[in-house]
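Asks: Compute the structure for the input listed below.
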Amino acid sequence: MNAPRDGRVGQVKEVTSLANPVVKDIKALALKKFRDQQNAFMAEGLKLVIDALDLGWTIRTLVFSKSGLGNPAVEKAAARTVAAGGLVLEVNDKVLAAITRRENPQMVVGVFEQRWTALADVKPSGNDVWVALDRVRDPGNLGTVIRTVDAVGARGIILVGDTTDPFAVETVRATMGSIFAVPVARASEQAFLSWRRGFAGLVAGTHLKGSVDYRTVDYGGKPVVLLMGNEQQGLPALLAETCDRLVRIPQAGRADSLNLAVATGVMLYEVRRSALALEKPAS
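Replies: Residues are numbered from 1 along each chain as shown. Presented below is the predicted three-dimensional model:
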């Protein structure tokens with residue numbers, strides 16, 4: 001690194017102590033309270049950091065292991081961070097392990113500003129698909145849904161009610177970088193219901209009492225909001241009543257339900273299949 005090491009923002013600093021105040025602030029991001037206070041979150045891995053930079057996310061701090069010195073990709077990410085006005089920390093393995101709370105941490109960690117999409121700006125059109133999740137509790141489930149939304153080509157996520165934090169370390173890990181590609185909005189139940197009244201597309205919800213097989217519904221030709229219930233309780237009455245269609249995923253074995261992320265994935269691929277079938281030109 002050729003940049004000065006005076007610790008100013010937009011510069012590079014070598015850190016070896018866990019007592020360093022910047023290191024303490026980054027470690028604190030493990031707790032939602034401090035993520036909210038700092039409006040920041042942590043993402044691990046060189047690929048994730050590069051993806052975030054490419055997609056225009058604001059990086060505050062780049063932390064990299066000394067073993068990354070001489071690695072062209074790491075050096076380039078550090079240079080981009082400095083150019084963007086961020087701070088670069090060159091640390092030892094002890095500091096990196098403390099920051100990530102992992103014995104074998106990734107070589108690079110980035111601290112980014114959180115980014116939310118306003119619910120009022122969510123205006124599905126055409127064959128757009130959005131997923132609304134009611135009070136999702138498990139960060140692994142939320143992260144997997146965000147990753148699936150990205151993979152299937154859906155447009156984004158609406159978090160309804162008191163949900164787990166999409167910027168929690170565990171959630172970000174489960175997204176495998178899709179947190180940077182998928183818009184996320186949040187709303188109370190009442191705010192979502194108010195927004196839904198102005199939505200002219202199809203709202204489809206999964207429900208154990210749904211009488212319609214999810215494969216028999218035509219989801220094409222209109223924007224769709226897929227509404228998924230809480231892991232333990234499913235959709236509450238108010239949200240179930242706002243759905244245009246309540247559907248079920250048949251269970252062939254002894255299990256009476258699917259994991260939330262799996263069920264959302266099954267539904268998303270069916271919804272997108274239906275929409276894409278209409279987009280194919282007649283042969």
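Asks: the helices in the stretch 151-283 of the chain, which residues?
Replies: 169-175, 189-197, 237-241, 260-279 (DSSP state H, counting those that start in this stretch).
Asks: any chance of the ones you listed in a markdown table, plus mean neighbour count, mean pLDDT and distance to residue 76?
Replies: To be clear about C-beta, it is placed using only N, CA and C from the backbone, and glycine gets the same treatment. Output for the helices of the stretch 151-283 of the chain, formatted as a markdown table (neighbours: other C-beta atoms under 10 Å; pLDDT from 0 to 100; distance: least, C-beta to C-beta, whole Å):
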| stretch | mean neighbour count | mean pLDDT | distance to residue 76 |
| --- | --- | --- | --- |
| helix 169-175 | 21 | 96 | 22 |
| helix 189-197 | 15 | 97 | 41 |
| helix 237-241 | 15 | 94 | 46 |
| helix 260-279 | 18 | 87 | 34 |
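Asks: Count residues in the vicinity of residue 66, would you?
Replies: 15 (other C-beta atoms under 10 Å).
Asks: my guess is it contacts residue 90, does it?
Replies: Yes: with contact defined as C-beta atoms under 8 Å, residue 66 reaches residue 90; the gap is 6.1 Å.
Asks: I'd like to know how far residue 133 sits from residue 230.
Replies: To residue 230, residue 133 is 8 Å away according to C-beta to C-beta, to the nearest Å.
Asks: neighbour count winner among these two?
Replies: It is residue 133, of residue 133 and residue 230, that has more neighbours when counted by other C-beta under 10 Å, with 28 against 19.
Asks: Test of understanding: give the bridge partners of that one.
Replies: Beta bridges link residue 133 to residue 159, residue 228 when assigned by DSSP bridges.
Asks: ok, it touching residue 164?
Replies: No: applying C-beta under 8 Å, one finds residue 133 not in contact with residue 164, separated by 9.4 Å.
Asks: any residues in contact with both of these two?
Replies: Residues touching both residue 133 and residue 164 by C-beta atoms under 8 Å, 6 or more residues apart in numbering: residue 142.
Asks: Cool, thanks, talk later.
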